[in-house]
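Chemist: Next one to model:
(one chain, ligands or ions: 1)
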Amino acid sequence: MVPERCSIMVSGKVCIQPPSHVVSVLFEKEEYMIGLVCNDHILLMKRKAISMQKSGKINKGKIRFQKIKPVVTDCVLNLKNMD
Ligand SMILES: [Zn+2]
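Modeler: Numbering: from 1, shown residues only. Next up is the predicted model:
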């Protein structure tokens, strides 16, 4: 499941804004999701990801931000009707 919040922590507190982008690293044709981020924290996340790459915590691939598509109402209704 995709968490419903931005994964950035600001001075010890988790950001409560809904995420607007999925952050992933592209490495040798594979894509690894590293987190979710809201509009306000895209730059912060980019810096964080770069420092994680420098310290070897994540692969040194291209950092990619993909806009999260809004949930389609019909789709949600269909899922509920499956019960
Ligand atoms: Zn945020």
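Chemist: Look up phi and psi at the residue nearest the centre of the chain.
Modeler: Most central residue of the chain, judged by C-alpha distance to the mean C-alpha position with C-alpha atoms, centre = their mean, is residue 36 at 2.0 Å. Torsion angles at residue 36 (phi, psi; degrees, to the nearest 10) stand at phi -120, psi 150.
Chemist: For it, which non-adjacent residue is closest in space?
Modeler: Residue nearest to residue 36 in three dimensions, not counting chain neighbours: residue 19, with 3.5 Å by C-beta to C-beta, 6 or more residues apart in numbering. All C-beta spots, glycine's among them, are computed from the backbone N, C-alpha and C.
Chemist: So what's the residue count around the one you found?
Modeler: By the measure other C-beta atoms under 10 Å, the count of residues near residue 19 is 22.
Chemist: ok, it to residue 60 distance?
Modeler: Using C-beta to C-beta, to the nearest Å, one obtains 24 Å as the distance from residue 19 to residue 60.
Chemist: what about the strands in this protein?
Modeler: Along the chain, the segments classed as strands by DSSP state E run 9-10, 13-14, 21-27, 30-37, 62-67.
Chemist: Identify whichever of those lies nearest to the ion.
Modeler: For the strands of the chain, distance to the ion was read as C-beta to the ion. The smallest value, 6.0 Å, belongs to strand 30-37.
Chemist: Please identify the pairing partners of that closest one and their relative orientation?
Modeler: Applying DSSP bridges, strand 30-37 is found paired with strand 21-27 (antiparallel).
Chemist: what does the partner strand rub up against?
Modeler: With C-beta atoms under 8 Å, 6 or more residues apart in numbering as the test, strand 21-27 has contacts from 2, 7, 31-39, 42, 45, 49, 53, 58-68.
Chemist: buried stuff in stretch 16-33?
Modeler: Using 16 or more other C-beta atoms under 10 Å as the test for burial, stretch 16-33 gives 19, 20, 21, 22, 23, 24, 25.
Chemist: Show me the beta-bridge partners of the third one.
Modeler: The reference is to residue 21. With DSSP bridges applied, the residues forming beta bridges to residue 21 are residue 37, residue 67.
Chemist: Check the last one too.
Modeler: Partner residues in beta bridges with residue 25, using DSSP bridges, are residue 32, residue 63.
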